[in-house]
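Peer 1: Sequence and predicted structure, then a few things I'm wondering about:
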Amino acid sequence: MLSKLLLVSTIILNSCTNQKMHLAEYQKEHVSIKYQAFSRGFFQEILVSEKSIIFYNDRDYKNAKTHKISKKEWEEFMRLLSAIDIEALPKLKAPTDKRLYDGAPHATLTIEKKGQTTSSSSFDHGHPPKQLKALIDYILSFNKNSLK
C-alpha cells in the first residue's frame, strides 16, 4: 500500500514539474506590451501580443476591438522593443508635465518579457519619453489605421 502511494506521489510530482517547465519555456519566449492612457474623461488600453493587438476605449473592458498581427508587424514590434533598455523603463523622465494639471491624460507602458513585468513611470499621452516614442507611435498607429 505504501509503495503504491509513493508511486502515485512520484507521478503527480513529475507531472507538476513538467507543467512548470513548459510554463517557464513559454514565459521565456512570451513578450507582451501594454499601453494605457487615462484621465477623468478618457480611457485607452492597448494590449499587444504576438498574435493580436486589442484596443479598449472603455473602463469596463466591454467594447474591445482586435487586430490580428502579421509576422512582419510582430517583427517590427520586436525591433522597436529591442531598442529600449527595459531595465531603465521605470527611470525614464517624462518630457512634459501636462498630466499633472489635467492638460493631458496619464500614460504608461508596461512590458512583460521572460516572465518579468516592467512598467514605465507616468508620462503625458502623446508625449512619451524619447526612448519610447517610436514604439508608442507604432502601437498608436494601429488604432488609427487598422480599425476604420
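Peer 2: Ah, there it is.
Peer 1: Give me the most central residue, this structure.
Peer 2: Nearest to the geometric centre of the chain sits I33, at 2.1 Å (C-alpha atoms, centre = their mean).
Peer 1: Which strand or helix spans that residue?
Peer 2: Per DSSP states H and E: I33 is located in strand 31-39.
Peer 1: following that strand, which helix or strand shows up next?
Peer 2: Using DSSP H and E, the helix or strand that follows strand 31-39 in sequence is strand 42-48.
Peer 1: tell me the angle of that following strand relative to strand 31-39?
Peer 2: Angle, strand 42-48 to strand 31-39, by axes from the mean of the first three to the mean of the last three C-alpha atoms, to 10 degrees: 180 degrees.
Peer 1: residue ranges of the strands in the chain, please?
Peer 2: Ranges of strands in the chain, per DSSP state E, are 31-39, 42-48, 52-56, 64-68, 106-113, 116-119, 123-124.
Peer 1: still on that earlier bit, quick one: the strand holding I33 to chain centroid distance?
Peer 2: 6 Å (C-alpha atoms, centre = their mean, to the nearest Å).
Peer 1: let's number from 546 now, not from 1
Peer 2: From this message on, residue numbering opens at 546, which makes the last subject strand 576-584.
Peer 1: Just give the number of residues close to the spatially closest residue to L677 that is not a sequence neighbour.
Peer 2: Nearest in space to L677, with sequence neighbours left out and distances taken as C-beta to C-beta, 6 or more residues apart in numbering, is L654 at 5.7 Å. From N, CA and C alone the C-beta is placed, and that goes for glycine too. L654 has 24 neighbouring residues, counting by other C-beta atoms under 10 Å.
Peer 1: And for H670?
Peer 2: 22.
Peer 1: and the strand holding I578, what other elements does it pack with?
Peer 2: For strand 576-584, the packing partners by 3 or more C-beta pairs under 8 Å, 6 or more residues apart in numbering; DSSP states H and E come out as strand 587-593, helix 616-627, strand 651-658, helix 678-690.
Peer 1: can those go into a markdown table with extra columns for mean pLDDT?
Peer 2: Listed next are these as a markdown table, based on pLDDT from 0 to 100:
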| stretch | mean pLDDT |
| --- | --- |
| strand 587-593 | 95 |
| helix 616-627 | 95 |
| strand 651-658 | 96 |
| helix 678-690 | 89 |
